[in-house]
Structure formats: C-alpha cells, structure tokens
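A.B. asks: no FASTA, just this:
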C-alpha cells in the first residue's frame with residue numbers, strides 16, 4: 001500500500017486538500033473530517049483512472065512536517 005502526503009488548507013468557510021505527488025487530485029468539504037474522507041476517495045479514483053489509461057503511477061516522494069517558528 002502506497003501512502004501519499006496530503007496538504008489540508010482551511011478556508012473561511014470550508015476545507016480543501018490536494019496531493020502534491022498526484023497533480024490534479026483535489027478535494028473540498030465543509031469540515032476537515034469530511035475533506036479527509038473525500039480526498040481518500042479522490043486518490044483512489046485518480047489512481048484507478050491512471051491505471052485504466054495505462055499511465056505510470058507516480059511514486060510517493062513528498063513529505064510534510066510542521067515546523068515551529070519563533071515568535
């Protein structure tokens with residue numbers, strides 16, 4: 001099972017998410033929890049579409065880390 005990094009962003013009224021290693025794989029939702037469920041579905045759909053088109057599946061190379069900043 002491959003694990004992909006997902007970036008979540010909170011907007012004024014909703015959440016969004018994208019997968020840096022899968023360009024075009026995005027999701028939105030009213031809550032972070034809803035967006036997490038939606039991005040999981042989006043990843044599965046995205047990968048299935050790539051397989052059907054016989055496109056190479058990108059490796060998972062992105063990582064994310066929260067960094068503390070003084071101040």
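C.D. replies: Looks like it arrived, so ask away. Owing to the predicted nature of the structure, the values given are computational and were not obtained by experimental measurement.

A.B. asks: Next up, phi/psi of the nearest residue to residue 28 once chain neighbours are set aside, please.
C.D. replies: Closest residue to residue 28 apart from its sequence neighbours, by CB to CB, 6 or more residues apart in numbering: residue 16 at 4.8 Å. Glycine gets a C-beta too; all of them are placed from N, C-alpha and C. Dihedral pair for residue 16: phi -130, psi 160, per degrees, to the nearest 10.

A.B. asks: Also residue 28?
C.D. replies: Backbone geometry at residue 28, expressed as degrees, to the nearest 10, gives phi -140, psi 160.

A.B. asks: Tell me who's in contact with it.
C.D. replies: Residue 28 makes contacts with 14-17, 35, 38, as judged by CB atoms under 8 Å, 6 or more residues apart in numbering.

A.B. asks: again with residue 36
C.D. replies: 6, 8, 17, 29.

A.B. asks: Quickly list what the residue nearest to residue 28 is bridged to.
C.D. replies: Beta-bridge pairing for residue 16 (DSSP bridges): residue 9, residue 28.

A.B. asks: Test my guess that it contacts residue 25.
C.D. replies: No - in this structure residue 16 lies outside contact range of residue 25 using CB atoms under 8 Å: 11.8 Å.

A.B. asks: Between these two, which has more neighbouring residues?
C.D. replies: residue 25 (22 against 16; other CB atoms under 10 Å).

A.B. asks: which stretches of this protein form helices?
C.D. replies: Taking DSSP state H, the helices of the chain run over residues 32-52.

A.B. asks: how far away is residue 24 from residue 69?
C.D. replies: 31 Å (CB to CB, to the nearest Å).

A.B. asks: Which one's more surrounded, those two?
C.D. replies: residue 24 (9 against 4).

A.B. asks: for the residue lying closest to that one once chain neighbours are set aside, what are its contacts?
C.D. replies: Nearest residue to residue 24, sequence neighbours excluded (CB to CB, 6+ apart): residue 46, at 7.2 Å. Residues near residue 46 by CB under 8 Å, 6+ apart: 19, 22, 24-25.

A.B. asks: No further queries at this time; thank you.
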